[in-house]
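1. Sequence and predicted structure, then a few things I'm wondering about:
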Amino acid sequence: CASEKAFESKLPTGLCVDKEYVGFATLPNQLHRKSVKKGFDFTLMVAGEFGLGKSTLVNSLFLTDLYKERKLLNAEERIKQTVEITKRTVDIEEKGVKLKLTIVDVPGFGDAVNNTECWTPVTDYINQQFEQYFRDESGLNRKNIQDNRVHCCLYFISPFGQGLRPIDVEFMKALQDKVNVVPLIAKADCLTPSEIKRLKEQVREEIDKFGIKIYQFPDCDSDEDEELKQQDKGLKWRTHPTVTSGSSGTC
């Protein structure tokens, strides 16, 4: 238009006007750039009895050693140990995207002779993180809020039992309304395909029987890329009880 040409004529020679559109249509890209620059926080809790390979799986997932200073306890020390909450944090960067990963471990869980309400320290910790985040969000200075809420809990199920134990049922029921619970059959590679299939079917039946709410993969939108739809379909197919798994099988 004439006004635009008049504006361009007043600019110094060699200086061109940026023709890129500026408006609410560019908000997704702006938010994406801001999120990538700032990075993401993700807190993952791993729970289960001693010796099920929790540390090994975490190190394999993120290609890092988060347990360099871990001390292995003997049988007597493990009996005396109470349920604790330990945190390990590592910064991971992949293709320019930064991730602050926090692993919350629960050593001592299920090791005692009497495990009555041994999940109470875990639920208390999760509630404390929610309360702290709420206080930070309600404060005046919200610029550098750290999100320490637990986003997901991987619960390891022993492959040597006959389905879920009472402690497994009570733990997942205590956490099901507080965090995304993902049950895993630990060390599934020590079982035959038929044993894995039978165990997964039994665990799924007991999850339905006791009304345990576990994490369900969401459905893709109809306008998503075909590649993403295939990935989503593959993940749901892998979680079906008739499908065999690798070293740790999701239920």
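-> Structure's in. What do you need? Residues are numbered from 1 along each chain as shown.
2. contacts and neighbour counts: CA atoms only from here.
-> OK.
3. What about the residue lying closest to Ile145 once chain neighbours are set aside, how many residues nearby?
-> Leaving aside its sequence neighbours, Ile145 sits nearest to Asp136 (CA to CA, 6 or more residues apart in numbering; 6.5 Å). If you count neighbours by other CA atoms under 10 Å, Asp136 ends up with 17.
4. Doesn't Asp136 belong to a helix?
-> Yes - the assignment for Asp136 by DSSP: H, G, I helix; E, B strand; the rest coil puts it in a helix.
5. wait, it sits on Asp147?
-> No - under the criterion of CA atoms under 8 Å, Asp136 is not in contact with Asp147, lying 9.4 Å apart.
6. Low-confidence regions, the protein specifically.
-> In the predicted model, the chain carries pLDDT under 70 at residues 1-28, 30-32, 67-83, 108, 111-114, 238-251.
7. all strands in it, in order from the N-terminus.
-> 40-47, 86-94, 97-105, 152-157, 180-185, 249-250 (DSSP state E).
8. Present those as JSON lines; the columns should include mean neighbour count.
-> Converted to JSON lines, the strands of the chain look like this (neighbours: other CA atoms under 10 Å):
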{"stretch": "strand 40-47", "mean neighbour count": "19"}
{"stretch": "strand 86-94", "mean neighbour count": "12"}
{"stretch": "strand 97-105", "mean neighbour count": "18"}
{"stretch": "strand 152-157", "mean neighbour count": "22"}
{"stretch": "strand 180-185", "mean neighbour count": "22"}
{"stretch": "strand 249-250", "mean neighbour count": "23"}
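9. Quick one, which of those strands gets closest to Leu199.
-> With CA to CA as the measure, strand 180-185 is the member of these nearest Leu199 (8.7 Å).
10. List the pairing partners of that closest one within its sheet, with orientation.
-> For strand 180-185, the paired strands and their directions (DSSP bridges) are strand 152-157 (parallel), strand 249-250 (antiparallel).
11. Can you lay out those as TSV showing distance to Thr116?
-> Output for the strands paired with strand 180-185, formatted as TSV (distance: least, CA to CA, whole Å):
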stretch	distance to Thr116
strand 152-157	18
strand 249-250	26
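12. Of the ones you listed, which is nearest Leu57?
-> With CA to CA as the measure, strand 152-157 is the member of the strands paired with strand 180-185 nearest Leu57 (10.4 Å).
13. quick one: the closest one to strand 97-105, angle?
-> 40 degrees (axes from the mean of the first three to the mean of the last three CA atoms, to 10 degrees).
14. I'd like the distance from strand 152-157 to the chain centre, please.
-> 9 Å (CA atoms, centre = their mean, to the nearest Å).
15. mind listing what Glu93 touches?
-> Leu99 (CA atoms under 8 Å, 6 or more residues apart in numbering).
16. Mind doing that once more with 10 Å?
-> By CA atoms under 10 Å, 6 or more residues apart in numbering, the contact set of Glu93 is Gly39, Leu99, Lys100.
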